[in-house]
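**Q** below are the sequence and a predicted model for it; my questions follow.
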Amino acid sequence: MSGHSKWATIKRKKAVTDARRGKAFTQIIKEITIAAKMGGGDPVGNPRLRFAIDKAKANNMPADNVKRAIMKGTGELPGVSYEDVTYEVYAAGGVALLVEMVTDNKNRTISEIRHILDRNHGKLAATGAVAYQFHRKGHISVLKNKIAEDDLLALILDAGADDMSSDNEHYNIICSPEAFETVKKTIEQKGIPVDHAELHMTPENSVKVEGKDAELVLKLVEALEDHDDVQYVYGNFDIDESIMAAFHAG
């Protein structure tokens, strides 16, 4: 499992405070709004919106919040005009980061991101310098106590998945964006609960980071993730899981 995936898994295990839940709701509302703006308000014909609604449900967001976000995106209700922005970043130890954002003011956002980078040993990369190292993939996690490994592997490969790995608690399935919904539905239709499912950018290769550089990378990632406009931070770092857990616990 990639460093970023391990980082995300560790964070999901932590108790969700009210502040973090509020941040999650804000992220999802922005994603629903811009998805509806870009592809229309019908999730049947708008995969990005469909995924965002699924995430809203997984986070127990009230249906009225989802409906209002869609209507703001389609213009049926007045609302803020959002746009997608992606920044490519170099971090300590030669680590590459992709920062996906949804903002209503690009000038304000880039100024604030530059400030975060300056304070956390990061710098903006030229357009394309980092992005080519990442590809969008579907990631689906299933608890290991729900199904035998061989049974799940046969099921997901038949459904079009690319690969599967495991950690202490989960089977972690990787598939193309096109196969994501089919693989997820195939698992669920067998009565197997999906613990987590998401489309995100996956690095082709990882960079092993230790010691001070590891701490600097994690501090930068956390500072970026705390910014209100940031939706996702993806990285090609490979940091020992115990270091990541200790950092987050601190």
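**A** Received the coordinates, thanks. Numbering: from 1, shown residues only.
**Q** would you mind identifying the next helix or strand past the lengthiest strand in the chain?
**A** If you go by DSSP state E, the chain has its longest strand at strand 134-143. Moving toward the C-terminus from strand 134-143, the next helix or strand (DSSP states H and E) is helix 149-159.
**Q** C-terminal to the helix or strand encompassing Asp54, what's the next element?
**A** Take DSSP H and E as the rule and Asp54 turns out to sit in helix 47-58. From helix 47-58 onward toward the C-terminus, using DSSP H and E, the following helix or strand is helix 63-74.
**Q** check which helices and strands that next one sits against.
**A** Here helix 63-74 touches helix 18-39, helix 47-58, going by 3 or more CB pairs under 8 Å, 6 or more residues apart in numbering; DSSP states H and E. Where you see a C-beta, it was placed from the backbone N, CA and C, and this is true even at glycine.
**Q** got the buried residues for it?
**A** Buried positions in helix 63-74, judged by neighbour count with 16 or more other CB atoms under 10 Å: 66, 68-74.
**Q** reformat those as CSV; add pLDDT.
**A** Formatted as CSV, the buried residues of helix 63-74 follow (pLDDT from 0 to 100):
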residue, pLDDT
Val66, 95
Arg68, 95
Ala69, 95
Ile70, 96
Met71, 95
Lys72, 94
Gly73, 93
Thr74, 93
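**Q** which one of those is nearest Thr186?
**A** Of all those, Val66 has the smallest distance to Thr186: 25.3 Å, by CB to CB.
**Q** next, the buried residues of the helix holding Asp54.
**A** 47-53, 55-56.
**Q** what does stretch 125-142 give?
**A** 125, 130, 133-134, 137-142.
**Q** same check on stretch 92-100?
**A** 92-93, 95-100.
**Q** check contacts around the residue lying closest to Lys190 once chain neighbours are set aside.
**A** Leaving aside its sequence neighbours, Lys190 sits nearest to Leu155 (CB to CB, 6 or more residues apart in numbering; 6.5 Å). If you count contacts by CB atoms under 8 Å, 6 or more residues apart in numbering, Leu155 has them with 186-187, 190.
**Q** could you report the neighbour count for Glu178?
**A** Neighbourhood size, Glu178 [other CB atoms under 10 Å]: 10.
**Q** would you mind measuring from it to Asp150?
**A** Separation of Glu178 from Asp150 (CB to CB, to the nearest Å) stands at 25 Å.
**Q** as a quick check, tell me the outermost residue of the protein.
**A** Using CA atoms, centre = their mean, the residue of the chain lying farthest from its centre is Glu76. It sits 28.4 Å away.
**Q** next, find the distance separating that residue from Ile70.
**A** Counting by CB to CB - Glu76 and Ile70 are separated by 8 Å.
**Q** and if you look at His115?
**A** Taking CB to CB, one finds His115 at 33 Å from Ile70.
**Q** next one: Arg114
**A** 33 Å.
**Q** before we move on, what about Leu220?
**A** Taking CB to CB, one finds Leu220 at 34 Å from Ile70.
**Q** distance to Asn236 for the buried residues of helix 63-74 - can I get that in TSV?
**A** Below are these laid out as TSV (distance: CB to CB, whole Å):
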residue	distance to Asn236
Val66	33
Arg68	37
Ala69	32
Ile70	34
Met71	38
Lys72	35
Gly73	32
Thr74	36
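**Q** alright, calling it a day.
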